[in-house]
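Student: Here's a sequence, model it:
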Amino acid sequence: MEIRYTAEHEWVAIDGNRATVGITDYAQRALGDLVFVQLPTVGSAISRGAVAAVVESVKAASDIYSPLTGRIIEVNAATASDPSLVNTEPMGAGWLFKIECSDLSELSQLLDESAYRQIAQ
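Tutor: Presented below is the predicted three-dimensional model:
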């Protein structure tokens, strides 16, 4: 499984043509304690760069953008009922949604860990 990142602080775990998406540890720390997570609808089509989800903290609300084009195949309902999962396990149990990718060439536009570290300081 390959992990990539976006400049908007989403992480993407790629497994074939399926991708699991969440926010990075850097993003959750910047937001603070999350109090609300709005997830996309399973089965909906999504375009790269479109708003897919929303997270709210005591500080602010933040849009979560889809890093890839495809179809939403699964959401993590546990994060909607317990938003603190995103804070405690942002790259584990706190994942947000999964996409079945329709254009794998978009992967080349995502950042590797080294490039992401340059912007997440």
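Student: Can you read off the pLDDT for the residue nearest the centre of the chain?
Tutor: The centroid of the chain falls nearest to Gly22 when counting by CA atoms, centre = their mean (2.7 Å). Among the per-residue scores, Gly22 holds a pLDDT of 98.
Student: roughly how far apart are it and Ala13?
Tutor: The spacing between Gly22 and Ala13, counted by CB to CB, to the nearest Å, is 8 Å. In this view, the C-beta of every residue, glycine as well, is placed from N, C-alpha and C.
Student: Model confidence for the residue nearest to Pro83 when sequence neighbours are not counted, exactly?
Tutor: Nearest residue to Pro83 in three dimensions, chain neighbours excluded: Leu34, at 3.9 Å (CB to CB, 6 or more residues apart in numbering). On pLDDT, Leu34 comes in at 96.
Student: Who does Leu34 form a beta bridge with?
Tutor: Residues in a beta bridge with Leu34, per DSSP bridges, are Ser57.
Student: That one: neighbour count?
Tutor: Counted with other CB atoms under 10 Å, the burial measure for Leu34 works out to 24 neighbours.
Student: Begin at 376 from now on, thanks
Tutor: Sure thing, new numbering starts at 376, so read that last one as Leu409.
Student: That one against Ser432, yeah?
Tutor: Yes. At 5.1 Å, Leu409 counts as touching Ser432 under the criterion of CB atoms under 8 Å.
Student: did I read that right, Glu475 in a strand?
Tutor: Yes. Using DSSP: H, G, I helix; E, B strand; the rest coil, the assignment for Glu475 is a strand.
Student: how close does it get to Tyr491?
Tutor: Distance from Glu475 to Tyr491, by CB to CB: 24 Å.
Student: Neighbour count for the two, which is higher?
Tutor: Per other CB under 10 Å, whichever of Glu475 and Tyr491 has more neighbours is Tyr491, with 19 against 15.
Student: quick one: the strands in this structure?
Tutor: 377-380, 385-390, 393-398, 409-413, 420-421, 426-432, 436-440, 445-450, 472-476 (DSSP state E).
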